[in-house]
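> predicted model and sequence below, questions to follow.
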Amino acid sequence: MSDRPETDAATPPPARRNFYGRVHGKTLRGSQKTYLAEDLAALSLAGVTIADNPARQVLDLAALFGDRPLWLEVGFGGGEHLVHMAARYPDIALIGCEPFVNGIAMLLGKIRTAGVTNLRIHPGDVRDLFDVLPDACLDKAFLNYPDPWPKARHHRRRFVTQGYLQLLARVMKPGAEFRVATDIPDYVRQTLEEVPQAGFDLVSQAGLGAAWDDWLSTRYEQKALREGRDPHYVTFRRAG
């Protein structure tokens, strides 16, 4: 880690943040417990949580990843898209954030199978990672099938709100791409309203059959299709 320069200062985070998503699900299989015990520590980014970095010193990304472009996936679910991207783009460095233990265990199994070595994990709240990333360090970010929080009173918990988006905007390079995939029309509505307010320009909005060229359909997308919900693919670029 390196000290954050004065020009890159950030307001210290609160001692405790509200987190509303699931952390644990159904009982893990024996193999998944093994993955967590044997692989998670080596793949996890050090110095992200408030507990292990109370001064919120900025991560030294050059020491971690060299000079490779850096991509981020927020909420990687079962990890299939993240591993797919790591395998397809071996010269890119990727970080995946996910607090859900079952999803983390699934990702670790996929990493073992694929043998990819160019990704790291933050098994927790993405806001803690945003605190310690330097300005304009990300070349691309993905938000695939995020928790829809369907009740109106819970829409403020969605990622596509200014509390998250302003943090994301700070760490993305000018011209960096932000992709959003969802099967919830109201999530699309809020995405189109909120993301431009955070300093992003809309590039494209597409529906079923018009995903990105390197898109891998996830288990969440397949579930949506089985249940009659159509995917939406929205692309933004960081202004500036």
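The structure has been received and is ready for your questions.

> which strand or helix spans Gln205?
Assigned by DSSP states H and E, Gln205 belongs to strand 200-206.

> oh, that last question was meant for Arg120, not what I typed.
With DSSP H and E as the test, Arg120 turns up in strand 119-122.

> same question for Ala141.
Using DSSP H and E, Ala141 sits within strand 138-144.

> any idea what the closest residue to Val195 other than its chain neighbours is bridged to?
Nearest non-adjacent residue to Val195, counting by CB to CB, 6 or more residues apart in numbering: Phe236, 5.4 Å away. Every residue, glycine included, has its C-beta placed from N, CA and C. For Phe236, the beta-bridge partners under DSSP bridges are Phe178, Leu202.

> any idea how far Phe236 lies from Val203?
According to CB to CB, to the nearest Å, Phe236 and Val203 sit 6 Å apart.

> overlap in contacts, these two.
Common contacts of Phe236 and Val203 (CB atoms under 8 Å, 6 or more residues apart in numbering): Glu177.

> between those two, which is the more surrounded one?
Shown here are Phe236 and Val203; by other CB atoms under 10 Å, Phe236 has more neighbours (24 against 12).

> what residues does the helix or strand just after the strand holding Gln205 touch?
Per DSSP H and E, the first helix or strand lying C-terminal to strand 200-206 is helix 219-226. When contacts are defined by CB under 8 Å, 6+ apart, helix 219-226 is touched by residues Gly77, Gly78, Glu80, Asn144, Tyr145, Ala181, Asp183, Asp230, Pro231.

> average pLDDT for helix 219-226?
If you average the pLDDT over helix 219-226, you get 94.

> what's the answer for stretch 146-164, then?
On average, stretch 146-164 scores 85.

> with just CA atoms, put it into CSV.
Taking Å, rounded to 0.1, in the frame of the first residue of the first chain, the C-alpha atoms of stretch 146-164 are listed here in CSV:
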residue,chain,number,x,y,z
PRO,A,146,-27.3,-7.1,-9.4
ASP,A,147,-29.8,-7.6,-6.6
PRO,A,148,-32.9,-5.9,-7.9
TRP,A,149,-34.4,-4.8,-4.6
PRO,A,150,-37.8,-4.8,-6.2
LYS,A,151,-39.8,-3.0,-3.5
ALA,A,152,-39.9,0.8,-4.0
ARG,A,153,-38.8,1.5,-0.5
HIS,A,154,-35.6,-0.6,-1.1
HIS,A,155,-34.6,1.1,-4.3
ARG,A,156,-32.1,3.2,-2.4
ARG,A,157,-30.2,0.0,-1.7
ARG,A,158,-29.5,-0.6,-5.4
PHE,A,159,-26.0,-0.2,-6.7
VAL,A,160,-27.2,2.3,-9.2
THR,A,161,-27.6,5.1,-6.7
GLN,A,162,-25.3,8.0,-6.1
GLY,A,163,-23.8,6.6,-2.9
TYR,A,164,-22.2,3.8,-5.0
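
> if we can go back for a sec, check which helices and strands the strand holding Gln205 sits against.
helix 185-194, strand 232-238 (3 or more CB pairs under 8 Å, 6 or more residues apart in numbering; DSSP states H and E).

> check contacts around the most centrally placed residue in the chain.
The centroid of the chain falls nearest to Val74 when counting by CA atoms, centre = their mean (1.3 Å). Counting by CB under 8 Å, 6+ apart, Val74 makes contact with Cys97, Val126, Ala141, Phe142, Leu143, Pro146, Phe159, Leu168.

> how does it look with 7 Å?
By CB atoms under 7 Å, 6 or more residues apart in numbering, the contact set of Val74 is Cys97, Val126, Ala141, Phe142, Leu143, Phe159.

> which one of those is nearest to Ala114?
Phe142 (17.4 Å; CB to CB).
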